[in-house]
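In: return a 3D structure for these sequence lines:
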Amino acid sequence: MAELENVEQWSRTNNLVLNRSKSLEIIFSDKRQKHCFQQPPLISTIKRVTTIKILGVFISGTMSVTEHI
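Out: Next up is the predicted model:
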């Protein structure tokens, strides 16, 4: 949650507005690594997704573009 507040502060400093209703959270991980990590707690105002569309390209949390192709 503190990181989101840092992003909001940065955006205000640079005369930008963070639209939380359009914001998404994705966690990138290396699928080759077998270790298990604990995901950060959910932020109630931000939706967590496994795939995101950036500049027209779909990217998964494992940095795969298979869904796009």
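
In: what sits against the closest residue to Lys31 other than its chain neighbours?
Out: In space, and not counting its chain neighbours, Lys31 is closest to Thr62: 4.3 Å by Cβ to Cβ, 6 or more residues apart in numbering. Just so you know, the C-beta spots here come from the backbone N, C-alpha and C atoms, and that holds for glycine as well. Counting by Cβ atoms under 8 Å, 6 or more residues apart in numbering, Thr62 touches Phe28, Ser29, Asp30, Lys31.

In: out of the residues you listed, the closest to Thr13 would be?
Out: Within these, the smallest distance to Thr13 is 26.1 Å, found for Phe28 (Cβ to Cβ).

In: gap between the closest one and Gly61?
Out: The gap separating Phe28 from Gly61 is 6 Å, by Cβ to Cβ, to the nearest Å.

In: one step back: ok, of the contacts of Thr62, which come out buried?
Out: Neighbour counting over the contacts of Thr62 (16 or more other Cβ atoms under 10 Å) leaves no buried ones.

In: minimum pLDDT in the residues you listed, which residue is that?
Out: Least confident of the contacts of Thr62 in the model: Lys31, at 71.

In: element containing that residue?
Out: For Lys31, there is no host helix or strand (DSSP states H and E).

In: what about Val49, distance to Glu67?
Out: Val49 is 12 Å from Glu67, by Cβ to Cβ.

In: and the helices in this structure?
Out: Secondary structure of the chain (DSSP state H): helices located at 2-13.

In: any idea which of the contacts of Thr62 is closest to Ile54?
Out: Nearest to Ile54, judged by Cβ to Cβ, of the contacts of Thr62 is Phe28 at 11.9 Å.

In: Provide a list of residues in contact with the closest one.
Out: Per Cβ under 8 Å, 6+ apart, neighbours of Phe28: Gly61, Thr62, Met63.

In: hmm, who's touching stretch 7-27?
Out: The contact list for stretch 7-27, computed with Cβ under 8 Å, 6+ apart, reads Gln39, Pro40, Ile43, Thr45, Ile46, Lys47, Arg48, Val49, Thr50, Thr51, Ile52, Gly61.

In: how many neighbours does Ile54 have?
Out: Around Ile54 there are 8 other residues, counting by other Cβ atoms under 10 Å.
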